[in-house]
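A.B. asks: Return a 3D structure for these sequence lines:
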Amino acid sequence: MKDLITELQDLRHLDWTDRKLSPGTPGCFLKAYEEEDGKRYYYKLSNFDSYRGIFGHECVNELIVARLLSILEIEHLEYQLIHAKILVDDTELEGYICKSENFRKASERKIAFDTYYELHKEGKESPLDFARRKGWEEYVCQMFVVDYLICNRDRHGANIELLIDENGNERIAPLFDNGLSLLFSCYDNQESVRKYDVLEDKAVNNFIGAKSVEYNLRFVPKGRSVCGGKLCEQDKKYLLSGLDGILSSTHLEKIWEMIWERWKRYAQICHSK
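C.D. replies: Predicted structure coming up:
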């Protein structure tokens, strides 16, 4: 699936009545879905409110992060960024939206990690110790690395999912919902973008680990890479390909600076003996 469609698409048939609120951010995040060729596809907007319409760039972040995870060879949900016309509350809007394919098999049911943890934890076992006991330590370490690189502020307990089939077999869902990351809080304020401190350790709402993405790197085994691939300076072209005109050049350069400087910092913290 081509991951970027800049030619305007008519998606006014989608129903955007599903609204998700995220604590600490203005507006809300609208979602829609449709069945196509026997598969279910999900759509979502960047931030939205009735006054400003679509604003922010969480959907662009999803694409960039998906590309990053492909480079790092970490299992993740693939996103397609689409330039589209849509209808919300009988108002026609134009902007970029995200499309992704349902990662759940027909025989599987899903359950949020925080709910699953409450049902199956032992005593006062922490969410991190629970994940380790269940054999998901490598997944969690990869999540810690990724969330540090992109400064993900939204890894709450429902943004991690368990998939359980009819025989009770469990698997943890690929990483998804990475949009509240990078420079999402700058919106279109270019001065904020220029002044943005790419290494600042912002407060996050992690369900597993600490409320600091940098502190969580302490839980990643030193001297061992938990990623299948590694980031190189040459990857900048691929990460930002096709996004000129969707985000400003200042914004794109700052995103790359953030990812690259954090990659070097991660290597310094986790690969030192």
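
A.B. asks: In the helix or strand where L8 lies, which residues are buried?
C.D. replies: For L8, the host element (DSSP states H and E) is strand 4-10. By 16 or more other C-beta atoms under 10 Å, the buried positions in strand 4-10 come out as L4, I5. Glycine gets a C-beta too; all of them are placed from N, C-alpha and C.

A.B. asks: Which secondary structure elements does it sit against?
C.D. replies: When contacts are defined as 3 or more C-beta pairs under 8 Å, 6 or more residues apart in numbering; DSSP states H and E, strand 4-10 packs onto strand 80-88.

A.B. asks: Can you give the contact residues for the very next helix or strand once past the strand it packs on?
C.D. replies: On the C-terminal side of strand 80-88, the nearest following helix or strand under DSSP H and E is strand 91-101. Residues outside strand 91-101 that contact it (C-beta atoms under 8 Å, 6 or more residues apart in numbering) are 1, 8, 11-12, 39-46, 53-54, 57, 59-60, 62-63, 77-87, 176, 179, 246.

A.B. asks: S185 falls within a strand, correct?
C.D. replies: No: looking at S185 with DSSP: H, G, I helix; E, B strand; the rest coil, it is helix, so not inside a strand.

A.B. asks: How many residues are close by it?
C.D. replies: Counted by other C-beta atoms under 10 Å, the residues lying close to S185 total 16.

A.B. asks: Which stretches in this structure count as strands?
C.D. replies: Taking DSSP state E as the criterion, the chain contains strands spanning 4-10, 18-20, 28-36, 39-49, 53-54, 80-88, 91-101, 109-112, 161-164, 170-172.

A.B. asks: ranges for the helices of the stretch 101-250 of the chain?
C.D. replies: Using DSSP state H, counting those that start in this stretch, the helices of the stretch 101-250 of the chain run over 113-120, 127-133, 137-150, 190-195, 236-240, 249-270.

A.B. asks: one step back: which of the strands of the chain has the lowest average pLDDT?
C.D. replies: Of all the strands of the chain, strand 18-20 carries the lowest average pLDDT, namely a mean of 59.

A.B. asks: and S241, what does it touch?
C.D. replies: Counting by C-beta under 8 Å, 6+ apart, S241 touches L4.

A.B. asks: and it, what pLDDT?
C.D. replies: 97.

A.B. asks: Distance of it relative to A84?
C.D. replies: Going from S241 to A84 by C-beta to C-beta, to the nearest Å gives 20 Å.
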